[in-house]
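Chemist: When you get a sec, could you give me coordinates for this:
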Amino acid sequence: MRTSLVVALLCAACKSAPNESARPPDASVTARPIVSAKPAPKPSASVAPAPTCMPEIDGWVHYAELDARCDFAMPPSAAALPPPIEWERCTGDLAGLKRCRQMRVIGFDGFDRSVAGQNRGRVQLLFERVCHKPRRRVLVAAEADGAVLAAMASRANIETTGCHARPVFIGGGRYLYQLVGELTDASANPEALDLGGSLRDAPVLMHRLTGGQQHEQIAASSRSWGTLDGGVNMGPLGKHTESVHAGAVSSNLAIFGDTALFVDDETATLMAWTKARGVFPLHKLEAPNERVTGIAFNDDLVVWSAYPPRTKPGGECTLVAAKLSLQPPRIIPKRVTTFSCPRDKDRPWALGSGYAAHATNDPSILLVRVADGTTWTIKTAGAPLFVSESELLFELTHGGIARMPIAAIRAADAAVP
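Modeler: I've put the predicted structure just below:
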C-alpha cells in the first residue's frame with residue numbers, strides 16, 4: 001500500500017563526505033584527551049572590530065593540534081558552552097505542517113552539516129552553527145531538548161583557509177567528528193584529525209591524517225568506530241583502529257554496537273565483523289551486477305538500496321530489507337518498495353522503530369514502514385537525519401533541523417484527497 005503526502009518543505013541538499021584514499025591508522029600516534037592551555041595566536045597590530053556573531057568564542061582556549069591558522073578553539077569550562085537549542089513553529093513553506101518545529105536562529109546566522117542519534121530515549125544532535133560576518137563556525141553537540149554538551153569552534157575564515165569541523169556520529173552519550181585543515185596555501189601540509197569519545201570528557205585524538213589524505217568512509221556507534229582506507233579498519237570509539245579486512249575493495253561501511261557490516265566489492269558479498277569473530281560472510285548478493293548502497297542496521301533489521309549499474313538520478317532504486325541474524329549468519333532479503341534514486345544514493349537510510357527513511361530524486365523524503373511496505377512521501381529537497389520512536393528529524397535549506405511526529409505525518413497524509 002502506498003499513500004502520498006504532498007507537503008511543501010524547503011530543505012538542504014544532502015552533503016557527502018570526500019571520497020579520497022588515506023593511509024592506515026598510524027600506530028605511533030597515542031590516543032589522548034585534548035587538553036590545551038596554549039593561548040590563541042596574538043592578533044596583528046591592526047585589530048578588527050569585535051564580532052557581533054557568537055563573540056563568546058573569542059575567549060575560548062586555542063586548540064593547537066592543527067595549524068595555528070585554522071584557529072580551532074574549545075570552551076574553557078562547561079559554563080562557557082554555547083546556549084541550548086531553541087525550537088519554534090515551522091515557518092515559510094513549512095508553516096502548513098501541523099506540529100512541525102524547526103531550530104531557531106538566534107545569536108548566529110545559520111546552520112550547516114548535521115547528524116543525529118539517541119541516548120536513553122533522548123535525541124542528541126551534532127551540528128554546526130554558522131556566522132557569515134566574520135566567516136566562522138561552531139560545532140555543537142547537544143540534547144535536542146536539553147543542554148549543550150560539547151563544542152569546538154573554527155574561528156578562521158573558512159573561505160580563505162578551508163579549515164572546518166565535520167560531524168560524523170552522536171549517540172549513546174558519545175560522539176565522533178573530524179577537524180579538517182584544508183589550508184589554501186600551496187606550501188602547507190593540510191591535516192585532518194579524528195576526534196571522539198564520551199560527551200562527559202574532553203574529546204580524544206584517535207587518528208591523524210596528513211598530506212591532504214581523507215578516509216574513503218568513516219562510521220561509528222557508541223561503542224565502535226571504523227574507516228575504509230582500501231581495507232576495513234575497526235576499533236573501540238576513543239581508541240585507535242586496526243586493520244580487520246585488508247587487501248580487498250570494500251564499500252558501504254555501517255556500524256551498530258560492536259558489529260560492522262560492509263560490502264566486499266570483489267566478491268559481491270555482504271560481510272560482517274564482530275570483535276569476537278572477526279570478519280565473516282553474511283550474504284552473497286543475489287545479483288552481482290546490482291549495486292548495493294546506503295546500508296543501515298540495528299539489533300534485528302538491515303536495510304539497503306539496490307539499483308542497476310549506471311543508474312542515473314531519477315532512475316529506479318529499490319529498498320531491500322532483511323531480518324538480521326549473526327548466529328548463525330543468515331539473512332533472507334526481501335524487496336520492500338521502489339523509489340526515485342537520489343543524487344546521493346550512498347547516503348545511509350535513517351532506520352528506527354520499524355521505519356526507514358531516505359531522500360528521493362522527486363525531490364522528497366520517503367518514509368517506509370518496513371514490515372508491510374506502507375510508504376509516505378514528503379515533498380522536500382533534503383533528506384532525513386533520524387527516526388526515533390515518535391519523530392522524524394530532517395534537514396532544512398539553511399542547514400538547520402526540523403522535527404515532526406510520525407503520527408502527524410500519517411494524519412496529514414490521510415487528509416490528502
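
Chemist: what are the ranges of the helices in this structure?
Modeler: Per DSSP state H, the chain carries helices over the ranges 158-161, 406-414.

Chemist: which one of these lies closest to T318?
Modeler: helix 406-414 (22.0 Å; Cβ to Cβ). The C-beta positions use only the backbone N, C-alpha and C, and glycine is treated the same way.

Chemist: what mean pLDDT does the closest one have?
Modeler: For helix 406-414, mean pLDDT is 79.

Chemist: next one: stretch 344-351
Modeler: Mean predicted confidence for stretch 344-351 is 92.

Chemist: Can you get me the start-to-end distance on it?
Modeler: 17 Å (Cα to Cα, to the nearest Å).

Chemist: any idea how far that stretch is from the chain center?
Modeler: 10 Å (Cα atoms, centre = their mean, to the nearest Å).

Chemist: again, but for stretch 246-266
Modeler: In terms of Cα atoms, centre = their mean, the centre of stretch 246-266 is found 17 Å from the chain centre.

Chemist: Need the contact partners of that stretch.
Modeler: Contact with stretch 246-266 is made by 217-228, 230-232, 234, 245, 269-275, 281-282, 285, 292-299, 302, 304, 326, 346, 348, as judged by Cβ atoms under 8 Å, 6 or more residues apart in numbering.

Chemist: What count of nearby residues applies to the closest residue to T274 other than its chain neighbours?
Modeler: Excluding its sequence neighbours, the residue lying closest to T274 (Cβ to Cβ, 6 or more residues apart in numbering) is T259, at 5.3 Å. Neighbours of T259 under the rule other Cβ atoms under 10 Å: 22.

Chemist: Let's see which of the contacts of stretch 246-266 end up in strands.
Modeler: 217-220, 224-228, 231-232, 234, 245, 269-274, 281-282, 292-297, 302, 304, 326 (DSSP state E).

Chemist: What's the PyMOL line that selects buried ones from these?
Modeler: In PyMOL syntax, the buried subset of these is picked out as below (16 or more other Cβ atoms under 10 Å):
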select buried, resi 217+218+219+220+224+225+226+227+228+231+232+234+245+269+270+271+272+273+274+282+292+293+294+295+296+297+302+304
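
Chemist: Kindly reformat the helices of the chain as a markdown table containing mean neighbour count.
Modeler: Formatted as a markdown table, the helices of the chain follow (neighbours: other Cβ atoms under 10 Å):
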| stretch | mean neighbour count |
| --- | --- |
| helix 158-161 | 14 |
| helix 406-414 | 16 |
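
Chemist: Of the ones you listed, which is nearest R310?
Modeler: Across the helices of the chain, R310 has its closest neighbour in helix 406-414 (33.6 Å, Cβ to Cβ).

Chemist: leaving aside the residues next to it on the chain, what's closest to A95?
Modeler: Excluding the flanking residues, the one nearest A95 by Cβ to Cβ, 6+ apart is R89, at 7.5 Å.

Chemist: Does that neighbour touch M103 like I think?
Modeler: No: the pair R89 / M103 is not scored as a contact, 11.7 Å apart, by Cβ atoms under 8 Å.

Chemist: Looking at these two, which one has more neighbours?
Modeler: The neighbour comparison of R89 against M103 (other Cβ under 10 Å) goes to M103, with 23 against 13.

Chemist: which ones are touching the nearest residue to that one once chain neighbours are set aside?
Modeler: Closest residue to M103 apart from its sequence neighbours, by Cβ to Cβ, 6+ apart: G400 at 4.0 Å. G400 makes contact with Q102, M103, V105, G110, F111, S114, F127 under the criterion Cβ under 8 Å, 6+ apart.

Chemist: With pLDDT and distance to Y63 as extra columns, can I get those in a markdown table?
Modeler: Listed next are these as a markdown table, based on pLDDT from 0 to 100; distance: Cβ to Cβ, whole Å:
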| residue | pLDDT | distance to Y63 |
| --- | --- | --- |
| Q102 | 92 | 31 |
| M103 | 92 | 26 |
| V105 | 87 | 26 |
| G110 | 86 | 23 |
| F111 | 88 | 22 |
| S114 | 93 | 21 |
| F127 | 94 | 19 |
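
Chemist: returning to that earlier point: could you say which one of the helices of the chain comes nearest to G59?
Modeler: It's helix 158-161; of the helices of the chain, that one is closest to G59 (Cβ to Cβ) at 20.6 Å.

Chemist: Next, count neighbours for D67.
Modeler: Per other Cβ under 10 Å, the neighbour tally for D67 reads 18.

Chemist: Got the confidence number for it?
Modeler: Note on D67: pLDDT of 83.

Chemist: what is the residue nearest to A95 paired to in the beta sheet?
Modeler: Beta-bridge partners for R89, by DSSP bridges, are R101.

Chemist: For L125, see how far away it is.
Modeler: Counting by Cβ to Cβ, to the nearest Å, the gap from R89 to L125 is 19 Å.

Chemist: got it, and E395?
Modeler: E395 sits 11 Å away from L125, going by Cβ to Cβ.

Chemist: Looking at the two, which one has more neighbours?
Modeler: E395 (29 against 24).

Chemist: okay but that one is in contact with S114, surely?
Modeler: Yes: the pair E395 / S114 is scored as a contact, 6.4 Å apart, by Cβ under 8 Å.

Chemist: Could you tell me which residues touch both of the two?
Modeler: Common contact partners of E395 and S114 (Cβ under 8 Å, 6+ apart): L385, I401.

Chemist: For the stretch 1-150 of the chain, give me the ranges with low pLDDT.
Modeler: For the stretch 1-150 of the chain, the stretches with pLDDT under 70 are 1-51.

Chemist: typo on my end, the stretch 251-400 of the chain
Modeler: The stretch 251-400 of the chain contains residues with pLDDT under 70 at 286-288, 397-398.
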